[in-house]
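> with the input below, show me the fold.
(chains A and B)
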Amino acid sequence: MKIPVCRLADLPRGEAYRLEIDPPVSVFHTDDGEVFAIDDTCTHQDASLADGWLEGCEVECPLHASKFDLRTGSVDSPPAKLPVRTHQVVVEDGMIYVEPSQAVPNLPPCVGARLAGGLA
Amino acid sequence: MRTVAVVGASLAGLSAARSLRRQGFDGRLVIVGDEIHRPYDRPPLSKEFLAGTMAEADLALEADGEDLAAEWLLGVRATGLDRNERLVRLADGTAVRADGFVIATGAAARTLPGSEGLAGVHTLRTLDDALALRADLARGGRLVVIGGGFIGAEVASTAYALGLDVTVVEVAPTPLAGPLGEAMGGVVSSLHADHGVRLLCGVAVAGLSGESGRVDAVLLADGRSLPADTVVVGVGARPNVEWLEGSGIALENGVTCGADGRTSLAAVVAVGDCANWYDPLAGAHRRVEHWTGALERPASAVAALLSGGAAEPGPVRPPYFWSDQYGVRIQFAGHAAVADSVTVEEGAADDRSFLAVYRRAGEPVAVLGMDQPRLFMRWRKQLAQPAASTASVAPAAVRS
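So this is what the prediction gives:
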């Protein structure tokens, strides 16, 4: 499944776009011109990584400063303990597409509980 | 340095232990904690954990499989530091000898004199405190929160969501005026009234009343009596440094530290809520009780410890904290007390979604966000730059 995100030209370098699927995905355009997609929700607590601080291939969570590697999803800096999922990105004819990972997401406890409770 | 003892096993102690290993210390590492629990995260205790949406296991700060190759001495309190023998004495009569020490004994919740032994009266600092309070909130009824600070406000918000009838009593004319200033303290604390939670300001608590050992009312200095099934006392914290008295270490509002966490004793550093670090930007010592400081500062202190003070202190970041109340995310960075103006730069206070910038002589010194995480993040980074300037703050978000 390939989901259209936005036009590459509409996502300036250094910026992020939150794709409102469930769970949401954030797409980053790095200063070096690469495009990465990871789960938008920090694995520590409920915060949107698209709101975070992008530096190189790393994003810092806007709430508690956990850092994730955009290439692998791994935690570069605590308090997060679990990686975020990464998603395949394709750029075709100037359009960014994401192929969502089929792996189980590492959602934070309160978000996981909300989804499990059907309240989301 | 062959042995380092970290005294305190919460976020600051764990962060120090991690920093020791990351910075190449491969000797014996002993971590002492007065609670029986492995390191856990305290901020959710007044929010998600209290509400029941987060379990005890979710609070763990250590990652699965994380191994610091440390000896953990948990459930035992430190009772003294002997500078000559280079050892920490423990409540069980044993002692830990070490070459270097990290003091991270945190702070304890202040209590209300005369409330001892009265059931239904709580402070909130530890996991055990939160479990006890959660059990009482499950009884429902009327909750009176004494203190309109962040802990009090978060407990009020959580209890409101759980369906309790909540009243907050604050002795100052405006809650949160210390950390946020009068104007913004008023805006943030208006969240209570937005949700039908009563906020009584400018009135002191005279005492508590109770029959058969359980609280039934909070008595105010103006003669009013507030019926209560449960009472939470959120009136601040005091540093846990009594155990250091007589050790020769300089103490003033906690352990007196330089800008790198070094204390008046060689090879002893202090971090977290018990440590009163010198802040070169403020030109004064400041004991910062924020989670972020407990996470970030131990790296500088450990570098100073391992180098004997030769390491350059890390960059001074503006103090940062956050609070979640009534579904609104509040974030603050910097020093409000030094500001001579505060202006809303984005959004509107009435909408409870805005960004406000505090300035001194035109220079930004602090920033407050309500439900503005992206813009706040940019301002916070900007504040951390030595020559803060508003010009290059990024424009608002690209959004789907």
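
> can we go C-alpha only for contacts and neighbour counts from here?
Will do.

> can you point me to the longest strand in chain A?
Longest strand in chain A by number of residues (criterion: DSSP state E): strand A:86-92.

> put the alpha carbons of that one into PDB.
Presented in PDB, the C-alpha positions along strand A:86-92 are these (Å, rounded to 0.1, in the frame of the first residue of the first chain):
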ATOM      1  CA  THR A  86      10.500   3.400  10.000                       C
ATOM      2  CA  HIS A  87       8.500   3.500   6.800                       C
ATOM      3  CA  GLN A  88       9.600   3.100   3.200                       C
ATOM      4  CA  VAL A  89       9.600   6.500   1.300                       C
ATOM      5  CA  VAL A  90       9.200   6.700  -2.500                       C
ATOM      6  CA  VAL A  91       9.400  10.000  -4.400                       C
ATOM      7  CA  GLU A  92       7.800   9.700  -7.900                       C
END
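
> tell me the average confidence for it?
In this model, strand A:86-92 has a mean pLDDT of 97.

> for the residue in chain A positioned nearest to chain B, which non-adjacent residue is closest in space?
Among the residues of chain A, A:D51 lies nearest to chain B; the distance is 4.3 Å by Cα to the nearest Cα. Spatial nearest neighbour of A:D51, excluding adjacent residues (Cα to Cα, 6 or more residues apart in numbering or on different chains): B:R374 at 4.3 Å.

> for the helix or strand containing that neighbour, name the packing helices and strands.
Per DSSP states H and E, B:R374 falls inside helix B:373-384. When contacts are defined as 3 or more Cα pairs under 8 Å, 6 or more residues apart in numbering or on different chains; DSSP states H and E, helix B:373-384 sits against strand B:328-334, strand B:363-370.

> among the ones you listed, which is the most enclosed?
strand B:363-370 (a mean of 24; mean count of other Cα atoms under 10 Å in any protein chain shown).

> ok, that one: who's next to it in the sheet?
strand B:328-334 (antiparallel), strand B:353-360 (antiparallel) (DSSP bridges).

> tabulate the ones you listed in a markdown table, adding columns for mean pLDDT and distance to B:D82.
Below are the strands paired with strand B:363-370 laid out as a markdown table (pLDDT from 0 to 100; distance: least, Cα to Cα, whole Å):
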| stretch | mean pLDDT | distance to B:D82 |
| --- | --- | --- |
| strand B:328-334 | 96 | 37 |
| strand B:353-360 | 97 | 45 |
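
> what are the ranges of the strands in chain A?
A:3-7, A:15-19, A:25-29, A:35-39, A:53-55, A:58-60, A:67-69, A:75-77, A:86-92, A:95-99.

> which secondary structure elements does the first one sit against?
Based on contacts counted as 3+ Cα pairs under 8 Å, 6+ apart, the elements that strand A:3-7 packs against are strand A:95-99.

> just checking, what packs against the strand it packs on?
Counting by 3+ Cα pairs under 8 Å, 6+ apart, strand A:95-99 packs on strand A:3-7, strand A:86-92.

> list the buried residues of the first one.
Going back to what we said before, that points to strand A:3-7. A:P4, A:V5, A:C6 (16 or more other Cα atoms under 10 Å in any protein chain shown).

> residues contacting the first one?
The reference is to A:P4. Residues in contact with A:P4 (Cα atoms under 8 Å, 6 or more residues apart in numbering or on different chains) are A:M95, A:I96, A:Y97, A:V98.

> enumerate every residue touching the first one.
To tie it back to what came earlier, the one meant is A:M95. A:P4, A:V5, A:C6, A:R7, A:L8.

> could I get the buried residue list for the longest strand of chain A?
Buried residues in strand A:86-92, defined by neighbour count with 16+ other Cα under 10 Å: A:T86, A:H87, A:V89, A:V90.

> strand partners of that strand, parallel vs antiparallel please.
strand A:35-39 (antiparallel), strand A:95-99 (antiparallel).

> re earlier: the residue nearest to A:D51 against A:L63, yeah?
No: contact criterion Cα atoms under 8 Å: B:R374 and A:L63 do not qualify, at 9.7 Å.

> on that earlier part again, buried ones in the helix holding B:R374?
Within helix B:373-384, judged by 16+ other Cα under 10 Å, the buried ones are B:P373, B:R374, B:L375, B:F376, B:M377, B:R378, B:W379, B:R380, B:Q382, B:L383, B:A384.

> how much does it deviate in direction from strand B:328-334?
Counting by axes from the mean of the first three to the mean of the last three Cα atoms, to 10 degrees, helix B:373-384 points 10 degrees away from the direction of strand B:328-334.

> mind exporting helix B:373-384 as PDB, just the C-alpha atoms?
Extracted as PDB, the C-alpha positions of helix B:373-384 are listed here (Å, rounded to 0.1, in the frame of the first residue of the first chain):
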ATOM      1  CA  PRO B 373       4.700  22.300  21.000                       C
ATOM      2  CA  ARG B 374       6.200  23.000  17.600                       C
ATOM      3  CA  LEU B 375       6.700  26.700  18.000                       C
ATOM      4  CA  PHE B 376       7.700  26.300  21.600                       C
ATOM      5  CA  MET B 377      10.500  23.800  20.600                       C
ATOM      6  CA  ARG B 378      11.900  26.400  18.200                       C
ATOM      7  CA  TRP B 379      11.900  29.200  20.800                       C
ATOM      8  CA  ARG B 380      13.400  26.900  23.400                       C
ATOM      9  CA  LYS B 381      16.300  26.100  21.100                       C
ATOM     10  CA  GLN B 382      16.700  29.800  20.300                       C
ATOM     11  CA  LEU B 383      16.900  30.600  24.000                       C
ATOM     12  CA  ALA B 384      19.700  28.100  24.400                       C
END
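
> now that helix: average pLDDT?
pLDDT averaged over helix B:373-384 gives 93.

> and stretch B:303-319, what's buried?
B:A303, B:A304, B:L305, B:L306, B:G309, B:P313, B:R317, B:P318, B:P319.

> neighbours of the spatially closest residue to the fourth one that is not a sequence neighbour, how many?
Nearest non-adjacent residue to B:L306, counting by Cα to Cα, 6+ apart: B:M1, 7.5 Å away. The burial metric for B:M1, expressed as a neighbour count using other Cα atoms under 10 Å in any protein chain shown, is 14.

> quick one, what contacts B:M1?
B:G27, B:D99, B:G100, B:L306.

> now render those as CSV, adding secondary structure and pLDDT.
Formatted as CSV, the contacts of B:M1 follow (DSSP: H, G, I helix; E, B strand; the rest coil; pLDDT from 0 to 100):
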residue, secondary structure, pLDDT
B:G27, coil, 98
B:D99, coil, 97
B:G100, strand, 98
B:L306, helix, 97
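
> and the residues you listed, which is closest to chain A?
B:L306 (21.5 Å).

> ok, residues contacting the host helix or strand of B:T343?
Per DSSP H and E: B:T343 is located in strand B:341-348. If you take Cα under 8 Å, 6+ apart as the criterion, strand B:341-348 is touched by B:S353, B:F354, B:L355, B:A356, B:V357, B:Y358, B:R359, B:R360.

> what's the separation between the residue in chain B that chain A sits nearest to and A:R18?
Residue of chain B nearest chain A, by Cα to the nearest Cα: B:R374 (4.3 Å). Separation of B:R374 from A:R18 (Cα to Cα, to the nearest Å): 12 Å.

> B:A303 now?
Counting by Cα to Cα - B:A303 and A:R18 are separated by 38 Å.

> same deal with A:L11?
11 Å.

> next: B:A275.
For B:A275, the distance to A:R18 - Cα to Cα - is 40 Å.

> which one's more surrounded, the two?
B:A275 (34 against 23).

> is it true that the more buried one touches B:R287?
Yes: under the criterion of Cα under 8 Å, B:A275 makes contact with B:R287 at 5.9 Å.

> shared neighbours, the two?
With Cα under 8 Å, 6+ apart, B:A275 and B:R287 have common neighbours B:G254.

> returning to what we had before: quick check: neighbours shared by B:R374 and A:R18?
Joint contacts of B:R374 and A:R18 (Cα under 8 Å, 6+ apart) are A:A50.

> break chain B down into its domains, please.
Domain ranges of chain B: B:3-108+B:238-307, B:111-235, B:327-384, per automatic domain parsing.

> buried among the contacts of A:P4? Make that a PyMOL selection.
A single PyMOL command selects the buried members of the contacts of A:P4 (16+ other Cα under 10 Å):
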select buried, chain A and resi 96+97+98
